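Undergrad: need coordinates for the below:
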Amino acid sequence: MDAGHDWPVIGHGHAVRRLRQGLQHGRLHHAWLITGAEGLGRATLALSFAMALNCQAEAPEGRPCQACSACRRIQSGNHPDLLQVQPEDGAALRIDAIRDALRNLALKPWEGRRRVAIFHDFERAQPRAQDALLKTLEEPAPGAVLILVATSVRALLPTISSRCQQLALRPLPFDELHGALLQRGAPEERATLLARLSGGRVGWALRALEDAAMLEQRAEALDTLEGCLDSDRAGRFALAEKLARRSRPELRLILEQWQSLWRDLLLLARGSQVPPVNSDRGEALSRRARDLQADEVRVALVATRQLLANLRSNMQLRLALEVMLLDYPGLQDD
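TA: Model prediction:
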């Protein structure tokens with residue numbers, strides 16, 4: 001928690017201060033758009049705002065108190081005046097789910113000061129589904145507050161984003177996130193690794209601190225890449241076939257982890273003094289960097305980024321993986 005604002009949010013003080021000032025002066029807009037990459041803490045900020053809107057503490061500057069019944073139930077997602085809408089895995093945000101939430105939002109609060117609707121992953125709403133919000137944005141019900149959570153403003157229709165107050169979340173600086181992880185009991189080495197791997201995404205770092213399986217999956221992915229670099233053409237084709245059977249979200253995660261390793265290798269190959277993101281693999285990175293030319297590493301990084309960028313398209317996945325793996329250096333003679 002940032003002691004400067006006493007909300008259950010790590011970092012993002014600029015956004016918290018803006019919301020807090022609006023609460024204290026009674027000048028809050030009815031629609032908000034929170035943007036930023038997944039894992040930055042967007043949902044945590046949205047829930048904290050909902051808590052502050054309905055907190056039972058008398059003084060506005062003391063909200064959210066995080067101790068009253070309203071705060072506790074909102075934090076757990078069980079308050080009758082809190083509506084949350086999110087898409088199912090891999091699916092678009094459904095228009096009927098949005099309309100149901102808006103009908104409920106128009107009702108008077110059951111027990112709190114405000115009815116609050118949070119629409120998660122709103123970039124996954126089709127234009128027609130986004131349009132369903134327009135009437136409510138233009139003519140909000142008394143006491144209703146909408147909070148849209150999305151990756152970026154560009155993912156939304158201008159008619160929607162222009163009617164919302166916008167809060168853009170940025171990655172946390174390394175020192176701030178590192179300190180927060182230490183405060184939560186992470187050993188120094190683990191805090192350093194997670195703060196670097198996260199890229200400033202506080203939500204990801206906290207999940208990885210609690211869930212050992214996340215780092216185990218990463219270790220498996222990086223070991224697979226190491227094996228690939230020591231394999232022949234047949235081995236790489238076999239790996240492409242295996243990876244093509246993974247779900248797109250699983251494959252994206254693997255490729256993102258490979259991308260981070262290639263970035264570290266490129267920095268090392270160019271003699272950079274920037275600490276590697278994968279700090280627990282320093283020895284293996286140094287050894288690999290001595291065997292590779294910077295141009296070879298750059299080609300591999302570009303190939304990985306290109307496949308990541310095209311992953312949502314209707315490509316022939318196995319073929320695309322084969323092309324990428326053959327672009328990787330270290331191909332052994334068959």
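
Undergrad: sec struct for the closest residue to Thr151 other than its chain neighbours, please.
TA: Residue nearest to Thr151 in three dimensions, not counting chain neighbours: Glu123, with 5.0 Å by CB to CB, 6 or more residues apart in numbering. (Glycine included, C-beta is placed from N, CA and C.) The three-state label given to Glu123 by DSSP: H, G, I helix; E, B strand; the rest coil is helix.

Undergrad: show me what contacts Glu123?
TA: Ala150, Thr151, Ser152, Ala155, Leu156 (CB atoms under 8 Å, 6 or more residues apart in numbering).

Undergrad: let's go with 7 Å and repeat that
TA: When contacts are counted by CB atoms under 7 Å, 6 or more residues apart in numbering, Glu123 touches Ala150, Thr151, Ala155, Leu156.

Undergrad: report the two of those separated the most.
TA: For those, the maximum inter-member distance is 9.6 Å, found between Thr151 and Leu156 (CB to CB).

Undergrad: neighbour-wise, which of the two wins?
TA: Between Thr151 and Leu156, counting by other CB atoms under 10 Å, Leu156 is the more crowded of the two (22 against 17).

Undergrad: does that one touch Pro127 like I think?
TA: No. At 9.5 Å, Leu156 and Pro127 do not qualify as touching, with contact defined as CB atoms under 7 Å.

Undergrad: output the below-cut-off pLDDT ranges for the stretch 1-150 of the chain.
TA: 1-5, 90 (pLDDT under 70).

Undergrad: all the helices of it, residue numbers only.
TA: In the stretch 1-150 of the chain, the segments counted as helices under DSSP state H, counting those that start in this stretch are 13-25, 42-54, 69-75, 95-105, 127-131, 134-138.

Undergrad: burial measure for Leu107, as a count.
TA: The local packing of Leu107 (other CB under 10 Å) involves 13 other residues.

Undergrad: now for the strand or helix carrying Leu255, which elements pack on it?
TA: If you go by DSSP states H and E, Leu255 is part of helix 248-269. When contacts are defined as 3 or more CB pairs under 7 Å, 6 or more residues apart in numbering; DSSP states H and E, helix 248-269 packs onto helix 212-229, helix 282-291, helix 294-310.

Undergrad: now render those as a markdown table, adding mean neighbour count.
TA: Converted to a markdown table, the helices and strands packed on helix 248-269 look like this (neighbours: other CB atoms under 10 Å):
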| stretch | mean neighbour count |
| --- | --- |
| helix 212-229 | 15 |
| helix 282-291 | 14 |
| helix 294-310 | 17 |
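
Undergrad: identify those among the contacts of Glu123 that sit within strands.
TA: Of the positions in the contacts of Glu123, Ala150 sit in strands, assigned by DSSP state E.

Undergrad: so which of the contacts of Glu123 is the closest to Ser69?
TA: So of the contacts of Glu123, ranked by how close each gets to Ser69 (CB to CB), first place is Ala150, at 30.6 Å.

Undergrad: surely the closest one meets Ala125?
TA: No. Taking CB under 7 Å as the definition, Ala150 is not a contact partner of Ala125, at 8.8 Å.

Undergrad: these two: which is more packed in?
TA: Between Ala150 and Ala125, Ala125 has the larger neighbour count (other CB under 10 Å), namely 27 against 23.

Undergrad: for that one, which non-adjacent residue is closest in space?
TA: For Ala125, the closest residue by CB to CB, 6+ apart turns out to be Leu93, at 3.9 Å.

Undergrad: quick one: the one you found and Leu169, what's the gap?
TA: Separation of Leu93 from Leu169 (CB to CB, to the nearest Å) stands at 20 Å.

Undergrad: for Ile118, same thing?
TA: The value you get for Ile118 to Leu169, if CB to CB is used, is 15 Å.
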